[in-house]
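> output the structure for:
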Amino acid sequence: MLLAPWFAEVTRSFERGSAWFIDYGYARDAYYAAERRDGTLRCHYRHRAHDDPLLWPGLQDITAWVNFDALAESAAAAGFACSANLTQARFLIEHDLDAVFTDAYARAPDEAAKYRLAHEVKQLTLPGEMGERFRVVEFRRGR
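Residues are numbered from 1 along each chain as shown. Predicted coordinates:
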């Protein structure tokens, strides 16, 4: 597996500190679930998602979801401990999303802006959107 050498190299200069990973991903069981037998590779071009990485070379974004269990094992092998592993929704809520939203909502110039703001918060936090699909993981070495 190439993940462990990559993690070790990326964090080689860390005597102490933290490495944060925020991305789409799953625990191992979900990562290798039957519905993902074709993998997690996705391509994005002009706000449209598809599965063909050769369709628009150099013009599209190509991504794959993270196996967070494999990442945690690589971190441990490099001397890091997992200090946070949260859904994006939980991370945002624990870091004062409510206060930020309340302030921004109060300052919104009109109802359309308030609606857009509420829609953005829903997209970032709802389970069917990015709230459960994104994870925020922190690994620490030293104090």
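> the bottom helix or strand of this structure by mean pLDDT?
helix 130-133 (a mean of 90; mean pLDDT, DSSP states H and E).
> would you map the helices across the protein?
Per DSSP state H, the chain has helices spanning 3-10, 28-31, 68-77, 88-94, 97-107, 111-125, 130-133. These are given in chain order.
> mind showing which ranges of the chain have poor pLDDT?
Along the chain, the model assigns pLDDT under 70 to residues 1.
> centroid residue for it?
residue 23 (1.7 Å; Cα atoms, centre = their mean).
> looking at the chain, which strand is longest?
Secondary structure of the chain per DSSP state E: the longest strand is strand 17-26.
> tell me what it is packed against?
For strand 17-26, the elements it packs on are strand 66-67, helix 68-77, strand 134-141, judged by 3 or more Cβ pairs under 8 Å, 6 or more residues apart in numbering; DSSP states H and E. Backbone N, C-alpha and C define where each C-beta goes, glycine included.
> show residues contacting the second one.
In this case it means helix 68-77. For helix 68-77, contacts defined as Cβ atoms under 8 Å, 6 or more residues apart in numbering pick out 1, 3-4, 6-8, 11, 19, 21, 25-28, 31, 81-82, 85, 135, 137, 139.
> centre of the chain to that helix, how far?
Offset of helix 68-77 from its chain centre (Cα atoms, centre = their mean, to the nearest Å): 15 Å.
> which one of the helices of the chain lies closest to residue 40?
Set against residue 40 and scored by Cβ to Cβ, the helices of the chain come closest in helix 28-31, at 7.4 Å.
> and that closest one, what does it pack onto?
In terms of contacts (3+ Cβ pairs under 8 Å, 6+ apart), helix 28-31 is packed against helix 68-77.
> if you compare the directions of the helix it packs on and strand 134-141, what angle comes out?
Here the directions of helix 68-77 and strand 134-141 differ by 10 degrees (axes from the mean of the first three to the mean of the last three Cα atoms, to 10 degrees).
> kindly export the least confident helix or strand of the chain (C-alpha atoms) in PDB.
Extracted C-alpha coordinates of helix 130-133, given in PDB (Å, rounded to 0.1, in the frame of the first residue of the first chain):
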ATOM      1  CA  MET A 130     -21.900  17.000   2.900                       C
ATOM      2  CA  GLY A 131     -22.700  16.700   6.600                       C
ATOM      3  CA  GLU A 132     -22.100  13.000   6.900                       C
ATOM      4  CA  ARG A 133     -20.200  12.400   3.700                       C
END
